[in-house]
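Asker: quick one: sequence plus predicted model below, questions after.
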Amino acid sequence: MNEKLKIYDEKMQKTIHALDTELASIRAGRANPNILNKLTVEYYGTPTPIQQVANISVPEARMIQIQPWEKKIIKDIEKAILMSDIGINPTNDGTVIRLVFPELTEERRKELVKDVKKKGEASKVAVRNIRRDGNDAFKKLKGTDVSEDEIQDLEDQIQKLTDKYIKEVDAAVDAKSKEVMTV
């Protein structure tokens, strides 16, 4: 691949990765430990991801179990969950925290699908903006030692990259929408 195109390909890949990360944090009625990825807890004065201070497991389809390695931080983990936007009240038996996910209503599922599509649309816009930046950079090459044909070729290649990543966004959005709508 052309060096001039590589930068834009990497930026588009990062956009897809960011979308995948965002979609993973949307809960679809099933317990998914990824919803805890953004949560941190004060541990010896340092904000630390929950995964680094506790064992996280999914014993049942709609339950996440968090077992801290030190019992004294159980209250801090519980507080972090309550302060987050997860929307689930944790239950604590002194050694383990449990998050029980309620069944999603049809209405809530449709809202989540709309949210998924919005995130997908935002990613498509980001990919198209990267294409525009690339095309602007290629147009500035006119008058240098790069020929008109080479510039046209670069523009065609970045369009193909854009099409490829737009398809990936659509596939990710479709897969997540199906997952959310599955009861």
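Answerer: Ah, there it is. Residues are numbered from 1 along each chain as shown.

Asker: now the helices: where do they sit in the protein?
Answerer: Using DSSP state H, the helices of the chain run over residues 3-24, 74-83, 106-139, 148-181.

Asker: and those helices: which comes nearest residue 96?
Answerer: Each of the helices of the chain was scored for nearness to residue 96 using CB to CB, and the closest is helix 74-83 (8.3 Å). For the C-beta atoms, the positions are set from N, CA and C on the backbone; glycine is no exception.

Asker: and the closest one, how far from the chain's centre?
Answerer: 23 Å (CA atoms, centre = their mean, to the nearest Å).

Asker: what packs against it?
Answerer: In terms of contacts (3 or more CB pairs under 8 Å, 6 or more residues apart in numbering; DSSP states H and E), helix 74-83 is packed against strand 40-43, strand 63-68, strand 91-92, strand 97-100.

Asker: tally of neighbours for residue 81?
Answerer: Other residues near residue 81 come to 23 when the count uses other CB atoms under 10 Å.

Asker: that one and residue 167, how far apart?
Answerer: According to CB to CB, to the nearest Å, residue 81 stands 37 Å off from residue 167.

Asker: the helices and strands packed on helix 74-83: which one's closest to residue 156?
Answerer: Closest among these, using CB to CB: strand 40-43, at 45.2 Å.

Asker: and this protein, what are its domains?
Answerer: The record's domain split for the chain, according to automatic domain parsing, is 3-25+105-181, 33-100.

Asker: and those as a markdown table, adding mean pLDDT?
Answerer: Output for the domains of the chain, formatted as a markdown table (pLDDT from 0 to 100):
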| stretch | mean pLDDT |
| --- | --- |
| domain 3-25+105-181 | 88 |
| domain 33-100 | 84 |
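
Asker: ok, residue 56 touching residue 63?
Answerer: No: checked against CB atoms under 8 Å, the pair residue 56 and residue 63 is beyond contact range at 11.4 Å.

Asker: what do those two both touch?
Answerer: Listed contacts common to residue 56 and residue 63 are nil; contacts here mean CB atoms under 8 Å, 6 or more residues apart in numbering.

Asker: give the contact list for the spatially closest residue to residue 9 that is not a sequence neighbour.
Answerer: Leaving aside its chain neighbours, residue 9 sits nearest to residue 161 (5.7 Å; criterion: CB to CB, 6 or more residues apart in numbering). Shown in contact with residue 161 (CB under 8 Å, 6+ apart): 5, 8, 9, 12, 131.

Asker: distance of the second one relative to residue 35?
Answerer: From residue 8 over to residue 35 the distance is 32 Å, taken as CB to CB.
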